[in-house]
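J.: model the following, please.
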Amino acid sequence: MKKYLLIGVSAFVLGAGSMAYLSQHATAAAQPRANTYRMLGLFGDVLDIVERQYVTPVDDTKLIHAALDGMLTSLDPHSSYLDPQGFDDMRDQTRGEYGGLGLEVTSEDGVVKVISPMDGTPAANAGVKPGDYITGVNGESVLGLSVNEAVKQMRGKPGETVTLTIAREKSDPFDVKIVREVIKQKTAVARLDGDYGILRVSGFNEKTTDEAQAAFAAIKAKNPKMKGLILDLRRNPGGLLDQAVGISDLFLEGGEIVSQRGRDPRDVERYNARPGDITGGLPMVVLIDSGTASAAEIVAGALQDRKRAELVGLTSFGKGSVQTVIPLRGGLDGALKLTTARYFTPSGRSIQKTGIEPDLEVAATRDEAQTIANRAFGFSEASFKNALNADEGKVRKGAHAPAEAPPESFDPKKDFQLARAEDVLRYGSVAATPKLPKPTARLAEVLGPKARVAEVKTPSPK
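T.: Here you go, the predicted model:
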């Protein structure tokens, strides 16, 4: 049985056609297939040489697993081979309970990069941030290891201490000691802030939709006259498709939520909402940032395209591809995590690499505003060298000064993006919300092989 991390791929079987067509196809395919067999023979020759001549004895199984993973990771950043233990770990994670640190990671140029720490987990409590690079585990370098191999070193018996070596921009490498726990991730929680409800969804596992519905019902019972809802998807690295569809469905009365399209143009699958909005049509704002990825982008894109909510924050991560988990021999030989399609929002846009742009762009801090002005793709799908291109050939927005950032008088202990989301609810729309002056930022401009930094000042709106 296939398991879908984001979106499943439907079985699509072509008819047999005529015998003449099959014969022609077989002739045309003979030469490429012969070359494939020759290359497989080359692989066997190399494996034999390594077995006999490498300086120390080797583990054949480990070598072949590494070769499989290398083949798949060369395709794109999200395809990989899961050995049997890795496959079991993945299933534990999607069930929402497993042992570890609580990190969602990927690989960039042979370095493990943090997409997001999960709310309330040891990693989040230790201060690990999106965009951090993990260069070592317990004093041993993980440079050059696959994500699966690095994750194995971070997981283990709860109660044991793991030391991560972190490389972070504008700081020297440093160590963080984290105690492993059994991660029982509660991915949806809600609270009231005056007349507004805030529903925080930090990931998408098998329990997310049920947790979100229960959390909203609890705050609605406390304040039946709630005036609006903020759905907070910041730092949400994604997860299961059916849960992204389920969360979107909670707030929509019908219509398309998302579609997926594979290699064959006819291979299209659409997911639709059913009647029934649990809020009764309350005004909504969705908070997003560069850590909003994958399944979280499905929700944000659906609610934005269907005009159900306006988006506040920063452009999302831009992971618009679909990975299908395909067990091998029922999982006895592990599984393939293979990119099989792109997904599209209800309006038909692919956000692969480009991300979803908010209706009101708001940086969380003044430093974050400066980072966006310095680097366009500091933390996004577009920063991966082998990422798939957007289907339409679009590109992500370049370095720029964000529309808004906290003024100097704003209390740094408070959440500026959340405050602006509440302003949008209070005034009724982004268009009606009074805008703040654009922040002054030093925008990095690349001129040929050299770069210079120019101060960019945008006048306040009149």
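J.: any chance you could map the strands in the stretch 1-150 of the chain?
T.: For the stretch 1-150 of the chain, applying DSSP state E, counting those that start in this stretch gives strands covering 3-4, 80-82, 97-100, 103-108, 111-117, 133-137, 140-141.
J.: what mean pLDDT does the fifth one have?
T.: Strand 111-117 shows a mean pLDDT of 84.
J.: okay, angle between that strand and strand 103-108 too, please.
T.: Orientation check (axes from the mean of the first three to the mean of the last three CA atoms, to 10 degrees): strand 111-117 against strand 103-108 gives 150 degrees.
J.: circling back: how about the strands of the stretch 1-150 of the chain, which one is nearest A399?
T.: strand 103-108 (19.2 Å; CB to CB). Quick note: C-beta positions are derived from backbone N, CA and C, even for glycine.
J.: average pLDDT across that closest one?
T.: Across strand 103-108, pLDDT averages out at 79.
J.: that one packs against which elements?
T.: In terms of contacts (3 or more CB pairs under 8 Å, 6 or more residues apart in numbering; DSSP states H and E), strand 103-108 is packed against strand 111-117, helix 147-154.
J.: CSV for the strands of the stretch 1-150 of the chain, including distance to A66 and mean neighbour count?
T.: Below are the strands of the stretch 1-150 of the chain laid out as CSV (distance: least, CB to CB, whole Å; neighbours: other CB atoms under 10 Å):
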stretch, distance to A66, mean neighbour count
strand 3-4, 23, 17
strand 80-82, 9, 25
strand 97-100, 22, 18
strand 103-108, 14, 20
strand 111-117, 16, 23
strand 133-137, 18, 19
strand 140-141, 16, 10
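J.: and of those, who's closest to F379?
T.: So among these, strand 111-117 is nearest, using CB to CB, at 8.4 Å.
J.: on that earlier part again, in a markdown table: the strands of the stretch 1-150 of the chain, plus distance to D45.
T.: A markdown table is the format used below for the strands of the stretch 1-150 of the chain (distance: least, CB to CB, whole Å):
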| stretch | distance to D45 |
| --- | --- |
| strand 3-4 | 35 |
| strand 80-82 | 22 |
| strand 97-100 | 39 |
| strand 103-108 | 28 |
| strand 111-117 | 31 |
| strand 133-137 | 34 |
| strand 140-141 | 30 |
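J.: and of those, who's closest to G127?
T.: Per CB to CB, nearest to G127 of the strands of the stretch 1-150 of the chain: strand 111-117, 8.6 Å.
J.: for the closest one, packing partners?
T.: Strand 111-117 packs on strand 103-108, strand 133-137, going by 3+ CB pairs under 8 Å, 6+ apart.
J.: partners of that strand, with directions?
T.: Within its sheet, strand 111-117 is paired with strand 103-108 (antiparallel), strand 133-137 (antiparallel), according to DSSP bridges.
J.: how many neighbours does D367 have?
T.: 12 (other CB atoms under 10 Å).
J.: checking my notes, it in a strand, right?
T.: No - per DSSP: H, G, I helix; E, B strand; the rest coil, D367 lies outside any strand segment and is helix.
J.: ok, which of the strands of the stretch 1-150 of the chain comes nearest D60?
T.: D60 sits nearest to strand 80-82 of all those, at 15.3 Å, using CB to CB.
J.: ok, E297 to R366 distance?
T.: Going from E297 to R366 by CB to CB, to the nearest Å gives 26 Å.
J.: which of those two has more neighbours?
T.: The residue with more neighbours, out of E297 and R366, is E297; 29 against 19, by other CB under 10 Å.
J.: and the closest residue to that one other than its chain neighbours, what does it touch?
T.: Spatially, and ignoring its direct neighbours in sequence, E297 is nearest to S316 (5.0 Å; CB to CB, 6 or more residues apart in numbering). Applying CB atoms under 8 Å, 6 or more residues apart in numbering to S316 gives the contacts I288, D289, S290, T292, A293, A296, E297, A300, I351, G355, I356.
J.: okay, the last one: pLDDT?
T.: The reference is to I356. The confidence metric pLDDT takes the value 96 at I356.
J.: picking up where we left off before, between the contacts of S316, which has the most around it?
T.: Within the contacts of S316, T292 tops the neighbour count with 33 neighbours, counted by other CB under 10 Å.
J.: can you confirm that one is in a strand?
T.: No - read with three-state DSSP, T292 is coil and lies in no strand.
J.: where's it relative to E381, distance?
T.: With CB to CB as the criterion, T292 and E381 are 11 Å apart.
J.: do R155 as well
T.: R155 is 25 Å from E381, by CB to CB.
J.: ok, these two, which is more surrounded?
T.: For R155 and E381, the more surrounded residue by other CB under 10 Å is E381, and the numbers stand at 29 against 21.
J.: which strands and helices sit next to the helix or strand harbouring R426?
T.: Taking DSSP states H and E as the definition, R426 sits inside helix 416-427. Judged by 3+ CB pairs under 8 Å, 6+ apart, helix 416-427 is in contact with strand 196-201, strand 228-232, strand 284-288, strand 310-313.
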